[in-house]
Every structure is written in C-alpha cells, then in structure tokens.
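Engineer: Sequence and predicted model, in that order:
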Amino acid sequence: METTKHRTQISLEDWQYQILMEISKKTQKSLSSIIRELISEKLSRQTVKTEEDPIWGIIGLGTGDGSSVAREHDRFLYAKGKRK
C-alpha cells in the first residue's frame, strides 16, 4: 500500500553523503529510500510504547478526601488571601 510522501530538502555533511552513496551502490536502493529506512529505524527505537512508559506507573498513587480541589483548582490556586 502506497503512502503519501512529502518532498523535503536536507543538507548532509560530506562524510554522511559519501557513506549513503556507498550504501546506495551496494544495495542498489535510492538515496531517498535509504534515508527513509534510517529515519524509520531511528524513530522506532526511540518511540516507547504507551504501556511501557513509566509515567503510567503513577496513575492511582494519589488519594483525595472528596473535596472540589481538582474540579475548582483555579479558585484554590489563584484566590487572593482569605477574608477575615
């Protein structure tokens, strides 16, 4: 299934270009294809699956007393000093 591709322009260091061209010749793949593959590989390694993200471990840690602090947080955060 063909996906939409967006044309872009990048600047490469000379050494990067030379390595990519060598890979292109060896694999008989286009430079664009190699760059897309490298980007996909890099992004797939950096993307943490949601269920593996440690942030989800804090869900449910806090408890409350049922007061309206969460619903009316602005009133508690920005209220001027208590009137006497």
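Structural biologist: Arrived safely, thanks for sending.
Engineer: can you give me the end-to-end distance of stretch 3-17?
Structural biologist: Stretch 3-17 has an end-to-end distance of 26 Å (C-alpha to C-alpha, to the nearest Å).
Engineer: Buried residues, it. List them.
Structural biologist: Residues of stretch 3-17 classed as buried: none (neighbour count, 16 or more other C-beta atoms under 10 Å). Yep, even glycine has a C-beta here, placed from its N, CA and C like the rest.
Engineer: Give me the contacts around that stretch.
Structural biologist: Stretch 3-17 is contacted from outside by 20, 35, using C-beta atoms under 8 Å, 6 or more residues apart in numbering.
Engineer: what's the average pLDDT for it?
Structural biologist: What stretch 3-17 shows for mean pLDDT is 94.
Engineer: Check the secondary structure at Ser32 for me.
Structural biologist: helix (DSSP: H, G, I helix; E, B strand; the rest coil).
Engineer: Give me the pLDDT value at it.
Structural biologist: The per-residue pLDDT reported for Ser32 equals 95.
Engineer: and if you look at the one 10 residues further on?
Structural biologist: Model confidence at Lys42, expressed as pLDDT, equals 87.
Engineer: Just give me the neighbour total for it.
Structural biologist: By the criterion of other C-beta atoms under 10 Å, Lys42 has 10 neighbours.
Engineer: again with Val69
Structural biologist: Val69 - counted by other C-beta under 10 Å - has 12 other residues nearby.
Engineer: Identify the residues contacting it.
Structural biologist: For Val69, the contacting residues are Phe76, by C-beta under 8 Å, 6+ apart.
Engineer: any idea how far it lies from Glu37?
Structural biologist: 50 Å (C-beta to C-beta, to the nearest Å).
Engineer: before we move on, what about Ser68?
Structural biologist: With the distance defined as C-beta to C-beta, Ser68 ends up 53 Å from Glu37.
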